[in-house]
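> make a model of this:
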Amino acid sequence: MKKLGSALVAISVLMLVAVLVSLVPSDIWFIRTVDLVREPISYAAALLLVVALFVGGARRWAAVAMFALVIVINVWRIWPYSALAEPQLALAGDATAAAAAEGRCFSAMAVNVKVENEQYARIAAQVERYDPDVLFLMETDTRWIEALEPILADYDHVQRHPQPKAFGLVFATRLPVLKSNVVENTYRDTPTVYATLQPAGSRPIEFIGLHPKPPLPDWNTERRDENIVNAGVQTPDRLPDAIVMGDFNDVPWSRTTTRFRETGDWRDPRIGRGTYPTFPADLRAIGWPLDQLMLKGDLDLQSFAVLPDNGSDHRAMIARLCGSP
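Below is the predicted model:
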């Protein structure tokens, strides 16, 4: 029991130091990575706190105190994304029945297929089942694009931008397209798609599809953060109504995505409702939300959801929106 008590104290010290260091404004990859996993760290700290309560000796309370502080700090950071906080964005629901009748509503779906994944049929089946009006695919190489051509054939406008590694994309839509372009905001192999769409009976809207690089041992987050923030404030047409979707490789409570949201006046449907984890797909109960959906202006959000596992390492997101006349 004495050895277990010492081990728990050591673990609690490491966890607390990691969480405290993660509050430092830094672009160093291992500091930013802690921000991504605040939820699972909190679950682990809660479990170890309970274990520590049953370990005898004075070490018990030191470990309990540090595990509790880890939980408090993480909950403080995540709090806006809990069901106890006030929602930032109302779900329009039946209030948009008139808009739906006028054809001003449409669905948008974002799917990170995982470039090494070979579950082509499962991804295709999910897209076919939900049949979105706007489809944004990430991590698409030529194999993925070829496999999904039967699905893409159903769309009036398709923009293919394959990459041999993990940052290819496809943008497809049935809505009339006024403008569509793929922009290299930071790196040549991390493209962002900007499109100006014209829903029936609605004023034009901008769609942004984003997939920056994650924090990795040889990859700090300065350029990723620049990519995220630029995507929100440098839209080509500066339209008041816009939607952004994609795998940000960042969580919504981070300083980067918070800055993106506040600088661009974006609204996040997760605020006041929960974190809606998307990664890893097969561990949703302890996962974290790397994929984002936000909107601004007078767009109404009827619904949004994280979809069931489709064979990728990310779960897809879908939303139904209605434009303003």
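
> which phi and psi does residue 310 have?
Note on residue 310: its backbone torsions stand at phi -120, psi 10 [degrees, to the nearest 10].

> how far away is it from residue 303?
Distance, residue 310 to residue 303, by CB to CB, to the nearest Å: 19 Å. Bear in mind the C-beta positions are built from the backbone N, C-alpha and C, glycine included.

> tell me which residues of stretch 272-289 are tucked away?
272-281, 284, 287-289 (16 or more other CB atoms under 10 Å).

> closest one to residue 109 out of the residues you listed, please.
residue 278 (12.7 Å; CB to CB).

> ok, now which ones touch the closest residue to that closest one other than its chain neighbours?
The shortest distance from residue 278 to any non-neighbouring residue, by CB to CB, 6 or more residues apart in numbering, is to residue 291 (4.1 Å). By CB atoms under 8 Å, 6 or more residues apart in numbering, the contact list for residue 291 reads 110, 112, 245-248, 278-279, 306, 314-317.

> please parse the protein into its domains.
2-81, 93-322 (automatic domain parsing).

> what's next to stretch 119-131, contact-wise?
Here stretch 119-131 has contacts from 107, 109, 111, 113, 117, 135, 144, 147-148, 150-151, 307-308, 310-312, 316, 318, using CB under 8 Å, 6+ apart.

> which among those count as buried?
107, 109, 111, 113, 117, 135, 144, 147-148, 151, 307, 310-312, 316, 318.

> which one of those residues sits closest to residue 21?
residue 312 (31.5 Å).

> which one of the domains of the chain lies nearest to residue 87?
Among those, the nearest to residue 87 by CB to CB is domain 93-322 (3.2 Å).

> residue closest to the middle of the protein?
With the centre of the chain defined as its mean C-alpha position, the nearest residue by CA atoms, centre = their mean is residue 291, 1.7 Å away.

> quick one, phi/psi of that residue?
Taking degrees, to the nearest 10 as the convention, residue 291 sits at phi -100, psi 130.

> that one and residue 118: what is the separation?
From residue 291 to residue 118 the distance is 21 Å (CB to CB).

> and what of residue 177?
From residue 177 to residue 118 the distance is 31 Å (CB to CB).

> more crowded one of these two?
For the pair residue 177 and residue 118, the greater number of neighbours falls to residue 177 (16 against 11), based on other CB atoms under 10 Å.

> and the more buried one, bridged to which residues?
residue 197 (DSSP bridges).

> these two touch, right, it and residue 193?
No: counting by CB atoms under 8 Å, residue 177 sits too far from residue 193 to count as a contact (11.2 Å).

> overlap of the contact sets of the two?
With CB under 8 Å, 6+ apart, residue 177 and residue 193 have no common neighbours.

> returning to that earlier point: and the domains of the chain, which is most packed in?
Of all the domains of the chain, domain 93-322 has the most neighbours on average by mean count of other CB atoms under 10 Å, namely a mean of 19.

> just how off-centre is it within its chain?
With CA atoms, centre = their mean, to the nearest Å as the basis, domain 93-322 stands 9 Å off its chain's centre.

> before we move on, the earlier item: how much space separates the residue nearest to the centre of the chain from residue 321?
Taken as CB to CB, the span from residue 291 to residue 321 is 17 Å.

> and residue 147, by the same measure?
For residue 147, the distance to residue 321 - CB to CB - is 28 Å.

> mean pLDDT per helix and strand in this protein: which one sits at the bottom?
Counting by mean pLDDT, DSSP states H and E, the chain has its least confident helix or strand at helix 97-101, which shows a mean of 57.

> show me what secondary structure element comes after that helix.
strand 105-112 (DSSP states H and E).

> what about stretch 127-147, start to end distance?
13 Å (CA to CA, to the nearest Å).

> now swap in stretch 277-285 and tell me
In stretch 277-285, first residue to last residue: 8 Å (CA to CA).

> same question for it, mean pLDDT?
For stretch 277-285, mean pLDDT rounds to 90.

> neighbouring contacts of it?
Against stretch 277-285 from outside (CB under 8 Å, 6+ apart): 39, 247, 286-291, 306, 309-310, 312-315, 317.

> what's the most distant pair in those?
39 and 310 (21.8 Å).

> which residue ranges of the stretch 101-250 of the chain form helices?
Listed in chain order, the helices of the stretch 101-250 of the chain (DSSP state H, counting those that start in this stretch) span 120-130, 142-147, 149-152, 222-233.

> re the thing from before, and which of the buried ones among the contacts of stretch 119-131 is nearest residue 267?
Nearest to residue 267, judged by CB to CB, of these is residue 318 at 17.4 Å.

> contacting residues for residue 166?
Each residue near residue 166 by CB under 8 Å, 6+ apart is listed here: 115, 139.

> if we can go back for a sec, point out the ones among the contacts of stretch 277-285 that are inside helices.
Judged by DSSP state H, helices contain the following of those: residue 39.

> where is pLDDT lowest across the contacts of stretch 277-285?
residue 286 (85).

> doesn't residue 46 make contact with that one?
No: under the criterion of CB under 8 Å, residue 286 is not in contact with residue 46, lying 11.4 Å apart.

> picking up where we left off before, ok, of the helices of the stretch 101-250 of the chain, where does mean pLDDT dip lowest?
helix 222-233 (a mean of 65).
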